[in-house]
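Visitor: Test case, fold it:
(4 chains)
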Protein chains: 4
Amino acid sequence: MEINETAFRVRYAETDQMGVVYYANYFIWMELGRVEYCRSIGVRYRDMEEQDGVLLAVIDAQCHYRRPARYDDEVTVRTWICASTRKAVEFSYELYVREELIASGRTKHVFLSRDFRPVSLPLKYHALFGVRERA
Amino acid sequence: MEINETAFRVRYAETDQMGVVYYANYFIWMELGRVEYCRSIGVRYRDMEEQDGVLLAVIDAQCHYRRPARYDDEVTVRTWICASTRKAVEFSYELYVREELIASGRTKHVFLSRDFRPVSLPLKYHALFGVRERA
Amino acid sequence: MEINETAFRVRYAETDQMGVVYYANYFIWMELGRVEYCRSIGVRYRDMEEQDGVLLAVIDAQCHYRRPARYDDEVTVRTWICASTRKAVEFSYELYVREELIASGRTKHVFLSRDFRPVSLPLKYHALFGVRERA
Amino acid sequence: MEINETAFRVRYAETDQMGVVYYANYFIWMELGRVEYCRSIGVRYRDMEEQDGVLLAVIDAQCHYRRPARYDDEVTVRTWICASTRKAVEFSYELYVREELIASGRTKHVFLSRDFRPVSLPLKYHALFGVRERA
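Guide: Got it, this is the predicted structure:
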């Protein structure tokens, strides 16, 4: 199982008046993890959209928050695929600050064409996304 | 059971290049529903923070996406409390565009003091938040 | 001269750890003012993009900040067009909280086609945007 | 004159339905440049706020947009101080994608105490911020 780790600093814009990161921003961070995961397995998500016309549309997202993240913290996102078929893929995430788990989450996506119809993941991506079904 | 409905228009800033609303923004909309829910039961969340020093810190958030929302759509959020104790409260949300359910979600929060320690919800808020436990 | 006023509440998501609204969000508020200005003169910006394929692309934006806005404040944006030609339009904004001017700004936009080439504003919009040049 | 360069990738969340980066996000990028500029001259902005109680409050911000930035582009921000006194500091920015200038901007800030009163920049920061006035 491929696991990607990507790190970045908390932006001032991401904090709120509670003095910690606003909760919706964790989902943006999961997106960063997802994109870097894809890059690490050889898929540039931008190309998948532009060249193959395949969109990854979120249908479920969840996050469990354990500790607040603060401005200027270095956050590391660990991302992996926990389930995949030709129709859908599910990512898992763990977020760390100074090696302490601060949050974990999941997102589930379906593959859509540019006009938002469900499509099967093109064959060339099957191995990369760990799809084992027969096409 | 109290249910609040609040409506607003999708902002251009909330869309992404897929032409629909970016998924993390639904959690901002849940916040809008939550705040208006509180206002409808007589709690101004700003006062709760400023005057009572009680913070509502998110520990779990999830969203199920059924249909995309688009720029300039009028979105209605229905918000209600689905569980509450002296230590925590859970909100449920349904989001509609033109009376069609586009997403549903939940957020769970604990009550914290300004220095981020768990506290019990002050008595004066118990009835409002539907807390039935003995203090 | 048409002036539009539109009001909304500051979102928690829009604050930062300084306890006030993060500065970039004022530009989102200007967008709200701009869209409502357009609606007030009979132009639904969404239709202009979808039906006429005309995009309003920002080329200049500025904001002068006088007082901080805070969570749950009701902000009123006054928006008007301060200059317009067939090629470009400039909006002015004033932002108020409780009738006190908290910020003022300007944005300048050019009209683009969907493939990002400069275009002339379609004739039917000239009067609405106050364009006086001959077509 | 110190100039800082910092680079990052455009996030999906930062795009809008025009297919390019939403204009307000450039001001978030200027913040990234500003923070890294400070770090490069030996000032951790987080410490300045936490330990010295000095806030950098924006009073003016402007951006000139030359070319759109797109999802997954690597953006480089060049940041430098173009003016500074004990009371205020002004930053200039240039943003590049593949060595092409896509935008330039400025932000002007005053130094405030935690209760939002104007203060003089503490002496220990004068040299770093290029303040030449006598204290």
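Visitor: contacts, neighbours, all on C-alpha from now
Guide: Fine.
Visitor: how close does the residue of chain A positioned farthest from its centre get to residue C:21?
Guide: Here chain A reaches farthest from its C-alpha mean at residue A:17, the gap being 26.6 Å by C-alpha atoms, centre = their mean. Using C-alpha to C-alpha, to the nearest Å, we find residue A:17 at a distance of 9 Å from residue C:21.
Visitor: Equivalent analysis for residue A:6, please.
Guide: Per C-alpha to C-alpha, residue A:6 is found 29 Å from residue C:21.
Visitor: okay, these two: which has more neighbours?
Guide: Between residue A:6 and residue C:21, counting by other C-alpha atoms under 10 Å in any protein chain shown, residue C:21 is the more crowded of the two (23 against 17).
Visitor: which non-adjacent residue is nearest that one?
Guide: Excluding the flanking residues, the one nearest residue C:21 by C-alpha to C-alpha, 6 or more residues apart in numbering or on different chains is residue C:15, at 4.1 Å.
Visitor: Equivalent analysis for residue A:109, please.
Guide: residue A:58 (4.3 Å).
Visitor: Quickly find the element holding the one you found.
Guide: strand A:55-65 (DSSP states H and E).
Visitor: Which strands or helices does that strand pack on?
Guide: When contacts are defined as 3 or more C-alpha pairs under 8 Å, 6 or more residues apart in numbering or on different chains; DSSP states H and E, strand A:55-65 packs onto strand A:100-112, strand B:55-65.
Visitor: Within its sheet, name the partner strands of it and how each one runs.
Guide: Strand pairing for strand A:55-65, determined by DSSP bridges: strand A:100-112 (antiparallel), strand B:55-65 (antiparallel).
Visitor: if you average pLDDT over stretch A:96-105, what comes out?
Guide: In this model, stretch A:96-105 carries a mean pLDDT of 98.
Visitor: Other residues contacting that stretch?
Guide: If you take C-alpha atoms under 8 Å, 6 or more residues apart in numbering or on different chains as the criterion, stretch A:96-105 is touched by A:30, A:61-69, A:73-77, A:92-95.
Visitor: export that stretch as PDB, just CAs?
Guide: Provided in PDB are the C-alpha atoms of stretch A:96-105 (Å, rounded to 0.1, in the frame of the first residue of the first chain):
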ATOM      1  CA  TYR A  96       0.100  15.400  12.200                       C
ATOM      2  CA  VAL A  97       1.800  18.300  13.900                       C
ATOM      3  CA  ARG A  98       5.200  17.500  15.500                       C
ATOM      4  CA  GLU A  99       4.400  13.800  15.100                       C
ATOM      5  CA  GLU A 100       1.200  14.100  17.100                       C
ATOM      6  CA  LEU A 101      -2.000  13.000  15.400                       C
ATOM      7  CA  ILE A 102      -4.200  16.000  15.300                       C
ATOM      8  CA  ALA A 103      -7.000  14.800  13.000                       C
ATOM      9  CA  SER A 104      -8.000  11.900  10.800                       C
ATOM     10  CA  GLY A 105     -10.500  11.800   7.900                       C
END
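Visitor: rewinding a little: just send the helices and strands packed on strand A:55-65 back as JSON lines, with distance to residue B:36 too.
Guide: Converted to JSON lines, the helices and strands packed on strand A:55-65 look like this (distance: least, C-alpha to C-alpha, whole Å):
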{"stretch": "strand A:100-112", "distance to residue B:36": "27"}
{"stretch": "strand B:55-65", "distance to residue B:36": "14"}
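Visitor: Next, count neighbours for residue A:65.
Guide: For residue A:65, the count of nearby residues is 22 (other C-alpha under 10 Å).
Visitor: no, scratch that, I was asking about residue A:116
Guide: Counted with other C-alpha under 10 Å, residues neighbouring residue A:116 total 14.
Visitor: In space, what's closest to residue A:23 - neighbours in sequence excluded?
Guide: residue B:58 (7.0 Å).
Visitor: residues touching that neighbour, list them.
Guide: Contacts of residue B:58 by C-alpha under 8 Å, 6+ apart are A:23, A:65, B:107-110.
Visitor: In contact with the closest residue to chain B within chain A, which residues?
Guide: Here chain A gets closest to chain B at one residue, residue A:62, 4.0 Å apart by C-alpha to the nearest C-alpha. By C-alpha under 8 Å, 6+ apart, the residues touching residue A:62 are A:105-107, B:60-63.
Visitor: change it to 6 Å
Guide: Contacts for residue A:62 (C-alpha atoms under 6 Å, 6 or more residues apart in numbering or on different chains) come out as A:105-106, B:61-62.
Visitor: Could you identify the pair within the residues you listed that is furthest apart?
Guide: By the measure C-alpha to C-alpha, A:106 and B:61 form the most distant pair in those, at 10.8 Å.
Visitor: Helix or strand next in line after the longest helix anywhere in chain A, which one?
Guide: Longest helix of chain A, by residue count under DSSP state H: helix A:25-40. As assigned by DSSP H and E, the chain's next helix or strand after helix A:25-40 is helix A:45-50.
Visitor: which non-adjacent residue is nearest the residue nearest the centre of chain A?
Guide: Note on chain A: the residue nearest the mean C-alpha position is residue A:34, at 2.8 Å, using C-alpha atoms, centre = their mean. Sequence neighbours aside, residue A:79 is the residue nearest to residue A:34 in space, at 6.5 Å (criterion: C-alpha to C-alpha, 6+ apart).
Visitor: wouldn't the one you found be in contact with residue A:93 here?
Guide: Yes: counting by C-alpha atoms under 6 Å, residue A:79 touches residue A:93, with 4.7 Å between them.
Visitor: Pick out whichever of those two has more residues nearby.
Guide: A count of neighbours by other C-alpha under 10 Å puts residue A:79 above the other of residue A:79 and residue A:93, at 28 against 25.
Visitor: quick one, phi psi at that one?
Guide: For residue A:79, the backbone dihedrals (degrees, to the nearest 10) come out as phi -130, psi 140.
Visitor: next one: residue A:6
Guide: phi -130, psi 150.
Visitor: show me the contacts for it.
Guide: Counting by C-alpha under 6 Å, 6+ apart, residue A:6 touches A:76-77.
Visitor: Mind listing the residues bridging to it?
Guide: residue A:77.
Visitor: quick one: it and residue A:65, what's the gap?
Guide: From residue A:6 to residue A:65 the distance is 19 Å (C-alpha to C-alpha).
Visitor: ok, now residue A:3?
Guide: Counting by C-alpha to C-alpha, the gap from residue A:3 to residue A:65 is 21 Å.
Visitor: Which part of chain A gets nearest to chain C, residue-wise?
Guide: Of all residues in chain A, residue A:16 sits closest to chain C, at 3.8 Å by C-alpha to the nearest C-alpha.
Visitor: I'd say that residue and residue C:15 touch.
Guide: Yes: checked against C-alpha under 6 Å, the pair residue A:16 and residue C:15 is within contact range at 4.9 Å.
Visitor: Give me the neighbour count for the residue nearest to residue A:37 when sequence neighbours are not counted.
Guide: Nearest residue to residue A:37, sequence neighbours excluded (C-alpha to C-alpha, 6+ apart): residue A:4, at 5.1 Å. Using other C-alpha under 10 Å, residue A:4 has 21 other residues around it.
Visitor: Show me how to select, in ChimeraX, the buried members of the contacts of residue B:58.
Guide: Only the buried entries of the contacts of residue B:58 go into this ChimeraX selection, using 16 or more other C-alpha atoms under 10 Å in any protein chain shown:
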select /A:23,65 /B:107,108,109,110
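Visitor: got the residues of chain A near chain B?
Guide: Contact residues, chain A versus chain B (C-alpha under 6 Å from any C-alpha of the partner chain): A:24, A:27, A:59-65.
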